[in-house]
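Engineer: coordinates only, sequence not included:
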Ligand SMILES: [Zn+2]
């Protein structure tokens, strides 16, 4: 990246109310058929314009064409039956009705590649595309076929690698894998989770990122966070493995979370996409608050490796709040950029 402190968002951005019910995850579409296809692309153009207007450097589709960051990808795979639903505990935290793996999983055709090519055609800015990570995918399903989390994760890793190679060919600059499950199942991460992620990024020449967070600002997550005590040291369990991995960028929470900033010392050498915006509050950060978070991070990460971002996706927020937060992120990064180059 030729700019210092390039800004980006972790993932989803709010959808317009004419596309889907606002301020909600898994929000149902307001249209169908060709009208829905056209509306998704219009929303993608709009979210891109809003990011550009706010001064965001690495832009994304804001996940306007998908209902959910995990399930929409899975919907396009063979071997998963969405009519056979089972209730499972997601992230060991909240119960959800999820589809079932009923046979060998495979990707009959590319999933997001047309959307990524469409985004590529709309902007000259660097673009980032998010995919779910293998461990987070298996944690959002009931598996009645492989009956092994590890085995299924390896299958998904191979499918994700196919998709990632196609996204790279479509001109995506950074492919991000969302792995909130890395923040919960530490033993599995170290046993096979990291290895399956390495399989997913194998052979890629574009940059790769992993996003590990404490989740959307929804009630189940907020309640869980209250049980984590005053210091959140979950990252400590997986950072040493990540530091040695081939992943280029680590995307993390920081603003208002109780993660001790010094933990990022454990991933020294990696680019750090740091959450300087809290997605669990409607309060819009000031530029000074963003700058303060970035300055504290700079004690542990080299300036050319710090990428200011949001803690997580902003889909559950109002468009107005999200716009304010994007502008604050940009303004805060700019303050620190000026200090660094003064
Ligand atoms: Zn997240």
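Structural biologist: Structure's in. What do you need? Not measured: the values here are computed from a predicted model.
Engineer: Does residue 138 touch residue 156 like I think?
Structural biologist: Yes: assessed by C-beta atoms under 8 Å, residue 138 is found in contact with residue 156 at 6.7 Å. Glycine gets a C-beta too; all of them are placed from N, C-alpha and C.
Engineer: For the helix or strand hosting residue 153, what does the pLDDT average out to?
Structural biologist: Using DSSP states H and E, residue 153 maps to helix 149-169. Averaged across helix 149-169, pLDDT comes to 98.
Engineer: Give the other helices and strands that that helix contacts.
Structural biologist: If contacts are counted by 3 or more C-beta pairs under 8 Å, 6 or more residues apart in numbering; DSSP states H and E, helix 149-169 sits against strand 94-106, helix 113-122, strand 128-132, helix 134-138, strand 174-178, helix 194-201.
Engineer: Contacts for the helix or strand of the chain with the lowest mean pLDDT next, please.
Structural biologist: The helix or strand of the chain with the poorest confidence is helix 219-226; it has a mean of 88 (mean pLDDT, DSSP states H and E). Contact with helix 219-226 is made by 93, 94, 214, 215, 232, 257, 280, as judged by C-beta atoms under 8 Å, 6 or more residues apart in numbering.
Engineer: Could you rerun that using 6 Å?
Structural biologist: 93, 94, 214, 215 (C-beta atoms under 6 Å, 6 or more residues apart in numbering).
Engineer: Any idea how far that helix is from the middle of the chain?
Structural biologist: Chain-centre distance of helix 219-226: 19 Å, with C-alpha atoms, centre = their mean, to the nearest Å.
Engineer: and the angle from that helix to strand 94-106?
Structural biologist: Put simply, helix 219-226 runs at 110 degrees to strand 94-106, going by axes from the mean of the first three to the mean of the last three C-alpha atoms, to 10 degrees.
Engineer: Include pLDDT, neighbour count and distance to residue 24 when you put the contacts of helix 219-226 into CSV, please.
Structural biologist: Listed next are the contacts of helix 219-226 as CSV, based on pLDDT from 0 to 100; neighbours: other C-beta atoms under 10 Å; distance: C-beta to C-beta, whole Å:
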residue, pLDDT, neighbour count, distance to residue 24
93, 85, 15, 19
94, 85, 14, 15
214, 91, 26, 19
215, 86, 24, 15
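Engineer: If residue 59 is in a bridge, with which residues?
Structural biologist: Beta-bridge partners for residue 59, by DSSP bridges, are residue 127.
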